[in-house]
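K.L.:
predicted model follows, preceded by the sequence.
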Amino acid sequence: MELSPLKNENRLLSGFSNSLDDIPAENILELKEAIIEAIIDSSDDGIISKTLDGIITSWNPAATRMFGYKEVEVIGKHISIIIPTELLHEEDFIIRQLKSGEKIDHFETVRIAKDGSEKSVELSISPIKAKNGHIIGISKILRDISFKKEIEEKKAILSAIVDSSDDAIISKTIDGIIQAGITRLKACLDIPRKKLSENIFQ
């Protein structure tokens with residue numbers, strides 16, 4: 001391994017870079033695999049791999065935190081262990097998409113934890129390919145978006161309350177710009193909507 005000095009903008013020594021030219025190919029492969037394993041283990045997102053038949057082959061610590069199953073409990077089990085019965089058809093859709101060459105990003109769905117609770121998740125799914133290019137498995141990255149969904153639901157409920165209220169309910173910025181509640185306020189004051197949007201409360 002060859003070390004080369006690194007200098008900053010003031011031409012002072014700030015570190016070293018190394019060359020992997022003298023490291024045997026098998027050692028480089030081991031190093032790459034170790035780096036990938038470290039990234040997967042330290043990820044905040046659940047990372048799961050499975051065969052095309054749905055058998056789980058890997059399960060990272062974040063997946064354990066998300067679903068409550070330890071790795072030893074799920075390896076060799078079918079992925080349906082975390083899929084609601086009414087959503088099992090999604091797996092067929094995913095496999096069809098991947099076989100047609102499509103990668104699946106930001107696919108929002110619901111999965112089931114060990115304790116039976118539902119988890120709103122966002123999936124990013126990629127095929128695992130053999131050297132000949134054939135798809136031999138599937139890798140899934142799962143991000144828990146339950147908190148995001150809760151916020152969206154609360155906002156929708158609040159919006160419905162505001163829209164259905166007989167009273168004029170408005171919101172404004174700290175500068176006095178009206179942001180919401182314009183429709184009901186217009187009805188109460190009989191002021192054109194555009195005019196309200198431009199006005200500032202003094």
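P.N.:
Done, it's in. Numbers count the residues shown, from 1 in each chain.
K.L.:
next structured bit after the longest strand along the chain?
P.N.:
Among the elements of the chain assigned as strand by DSSP state E, the one spanning the most residues is strand 118-129. Counting by DSSP states H and E, the next helix or strand C-terminal to strand 118-129 is strand 135-144.
K.L.:
what lines up beside that next one in the sheet?
P.N.:
strand 46-51 (antiparallel), strand 118-129 (antiparallel) (DSSP bridges).
K.L.:
could I get the CA-only coordinates of the first one as PDB?
P.N.:
The one in question is strand 46-51. What follows is strand 46-51, C-alpha atoms only, in PDB (Å, rounded to 0.1, in the frame of the first residue of the first chain):
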ATOM      1  CA  GLY A  46     -34.700  -1.000   7.500                       C
ATOM      2  CA  ILE A  47     -32.800  -3.000   4.900                       C
ATOM      3  CA  ILE A  48     -34.100  -6.400   4.000                       C
ATOM      4  CA  SER A  49     -33.200  -8.800   1.200                       C
ATOM      5  CA  LYS A  50     -35.200 -11.700   0.000                       C
ATOM      6  CA  THR A  51     -35.400 -14.400  -2.700                       C
END
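K.L.:
what comes up buried for that strand?
P.N.:
Going by neighbour count (16 or more other Cβ atoms under 10 Å), the buried part of strand 46-51 is Gly46, Ile47, Ile48, Ser49, Lys50. Placement of C-beta: from N, CA and C, glycine included.
K.L.:
contacting residues around the longest strand of the chain?
P.N.:
Under the contact criterion Cβ atoms under 8 Å, 6 or more residues apart in numbering, strand 118-129 has outside partners 46, 49, 66-67, 84, 94, 97-98, 103-113, 135-146, 148-149.
K.L.:
all set, thanks.
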